[in-house]
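# Here is a sequence with its predicted model. Questions after.
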Amino acid sequence: MECNKFERDCKGRLRAVQDSMDVLYGKWKLTILSSLCFYNSRRFSDILADVTGISNKMLSKELKELELNKLIKRTVLDTQPITVQYELTPHGKSIQTIIDSLTEWGVKHRKEIIGK
């Protein structure tokens, strides 16, 4: 009986990790979210400048997926020319601690591997 509970708990945790990975999957999503965590809101061109190497098309795709997953909010401002602004939703802001932890780990890992 004890083993079954352990297996259920483990499978539940693995399912939750897989769900998280499905939402955050890809080369760019965490970097985009990191930019939005650092700044309160960003325009498309600002995010494009923050995320080195991403194309307009890929950024647009990734932003749409993050919006579908309710992590970011897209606001069209009534300006000439039209400005589109992105910001984290309250749900999206819950990823801040994860990104902070990843940042700390990344700094330590870089020092461990290359000494910088």
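Thanks, I have the structure now.

# which residues in this protein form helices?
2-24, 29-38, 44-50, 56-68, 90-93, 96-114 (DSSP state H).

# can I get those helices in JSON lines with mean pLDDT, mean neighbour count and distance to T75?
From N, CA and C alone the C-beta is placed, and that goes for glycine too. Conversion of the helices of the chain to JSON lines gives the following (pLDDT from 0 to 100; neighbours: other CB atoms under 10 Å; distance: least, CB to CB, whole Å):
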{"stretch": "helix 2-24", "mean pLDDT": "82", "mean neighbour count": "10", "distance to T75": "21"}
{"stretch": "helix 29-38", "mean pLDDT": "95", "mean neighbour count": "19", "distance to T75": "13"}
{"stretch": "helix 44-50", "mean pLDDT": "96", "mean neighbour count": "16", "distance to T75": "11"}
{"stretch": "helix 56-68", "mean pLDDT": "97", "mean neighbour count": "15", "distance to T75": "11"}
{"stretch": "helix 90-93", "mean pLDDT": "95", "mean neighbour count": "13", "distance to T75": "14"}
{"stretch": "helix 96-114", "mean pLDDT": "93", "mean neighbour count": "11", "distance to T75": "20"}
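
# can I get the ones you listed in a markdown table with distance to D78?
Output for the helices of the chain, formatted as a markdown table (distance: least, CB to CB, whole Å):
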| stretch | distance to D78 |
| --- | --- |
| helix 2-24 | 31 |
| helix 29-38 | 22 |
| helix 44-50 | 16 |
| helix 56-68 | 20 |
| helix 90-93 | 24 |
| helix 96-114 | 30 |
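
# Looking at the ones you listed, which is nearest to P81?
Counting by CB to CB, P81 lies closest to helix 44-50 out of these; the figure is 11.4 Å.

# For T79, what are phi and psi?
Dihedral angles of T79 (phi, psi; degrees, to the nearest 10) stand at phi -130, psi 170.

# How about W28?
Here W28 shows phi and psi, under degrees, to the nearest 10, equal to phi -110, psi -20.

# so who does it touch?
51, 54, 58-59, 62 (CB atoms under 8 Å, 6 or more residues apart in numbering).
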